[in-house]
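Asks: Below are the sequence and a predicted model; questions follow.
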Amino acid sequence: MKKVSIVVPAYNSEKTITRCLSSLVNQTLQDIEIIVVNDASTDNTWEIMKSCEEQFPDKVVIIDGGVNRGSGGARNQGFDFATGEYIGLVDSDDYVASNMFELLYNKAKEGDYDIVDTGFYSERQDKATLYTGDNVTGDLDDQKRRTLITCGGYLVTKIFKRELWNNPVIRMREKVRCLEDTEILLYMILRARNIGNVKEVLYNYCDSADSATKTMDLDTYYASIYGAIGATYEKCHELENYEGVKDAMEYAMANMYSFGINRCLYEKIARYGADIKNVKRYFEGADPNTEKLLRDLAVLRKNAITIPYDDNIEIQNRISQLDIAIMKECDRLFL
């Protein structure tokens, strides 16, 4: 068994994957496997992957996915091949510090942690962030889980015990443009017994100007939001720790609900201005397709979110009163 399996989905990544893989094959932790999954690339990504495997056959495993399944589907193929005690994820347009996985693994073994997180640097924002502070490390209780859920974070800055993925089996949604891992992170926070951190900036996040989330039409973005809300509820609401953090989980879903509504109403909000007195006008004269999208979203919300907005302190503290008013109007019109 390897100490860490690192799963890398790759789609048309010829400009960035060499840097990514170079940062992985040169890790100071030697007993690792790097599983790179080609997600039906149409450029030279596969050739670069083959060259890397030829140079580092003891570390690199490449998989030709055959059909495009999205980053979630490509990662799922990697999970199925992973043999490591822990699993980490790296995106093919990012890169990591050479000692990242040694530090994460050593910390994991030190505390027998289910998850270990580290800091990341966003090139676009020129900002370093560590989501898992000392206040939430150690054995997890409701308050720590609530903080982790509401503060956010990323899968790629963490390593996870492989059993969290396989006992029972949990996998990502496939053929999804964005938010394919939203419910997985929340699920892992609910499932994990404990969490550790390495207070260094070890992951470099290279958000590109033409990334999927910035070039997305309404229907695609809506499908991502709708799928994320539904998957979050389905995968998480029956877990043992859900009730203790229900307010935080429903805040997370309400936040996505708000994003979905606002995307549907984007042109109206831009036209009339973001002001609570204009809320009713945002919905007036909606075309049949927009009405259907909003109605379907509201019906999904009704099933997943049961605490009234005014009674959920996390929603009150973290979502603006304007956005809450927009959600209430959507509920009134379509439920």
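Replies: Good, I have the coordinates.
Asks: what ranges do the strands span in the stretch 51-200 of the chain?
Replies: 60-64, 86-89, 95-96, 115-122, 127-129, 138-139, 158-161, 194-205 (DSSP state E, counting those that start in this stretch).
Asks: Give me the mean pLDDT for the longest one.
Replies: Spelled out, that is strand 194-205. Here strand 194-205 scores 98 as its mean pLDDT.
Asks: JSON lines for the strands of the stretch 51-200 of the chain, including mean neighbour count and distance to residue 240?
Replies: All C-beta atoms are positioned from the backbone trio N, CA, C, and that covers glycine. What follows is those, written out as JSON lines (neighbours: other C-beta atoms under 10 Å; distance: least, C-beta to C-beta, whole Å):
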{"stretch": "strand 60-64", "mean neighbour count": "19", "distance to residue 240": "34"}
{"stretch": "strand 86-89", "mean neighbour count": "26", "distance to residue 240": "22"}
{"stretch": "strand 95-96", "mean neighbour count": "22", "distance to residue 240": "33"}
{"stretch": "strand 115-122", "mean neighbour count": "22", "distance to residue 240": "17"}
{"stretch": "strand 127-129", "mean neighbour count": "13", "distance to residue 240": "30"}
{"stretch": "strand 138-139", "mean neighbour count": "13", "distance to residue 240": "15"}
{"stretch": "strand 158-161", "mean neighbour count": "25", "distance to residue 240": "17"}
{"stretch": "strand 194-205", "mean neighbour count": "20", "distance to residue 240": "15"}
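Asks: Make TSV from those strands and add distance to residue 297 to it.
Replies: Formatted as TSV, the strands of the stretch 51-200 of the chain follow (distance: least, C-beta to C-beta, whole Å):
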stretch	distance to residue 297
strand 60-64	36
strand 86-89	29
strand 95-96	37
strand 115-122	30
strand 127-129	30
strand 138-139	37
strand 158-161	30
strand 194-205	29
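Asks: Name the residues of the helix or strand residue 223 falls within that are buried.
Replies: Element membership for residue 223 (DSSP states H and E) is helix 218-236. Neighbour-count burial for helix 218-236 flags 221-233, 235-236 (criterion: 16 or more other C-beta atoms under 10 Å).
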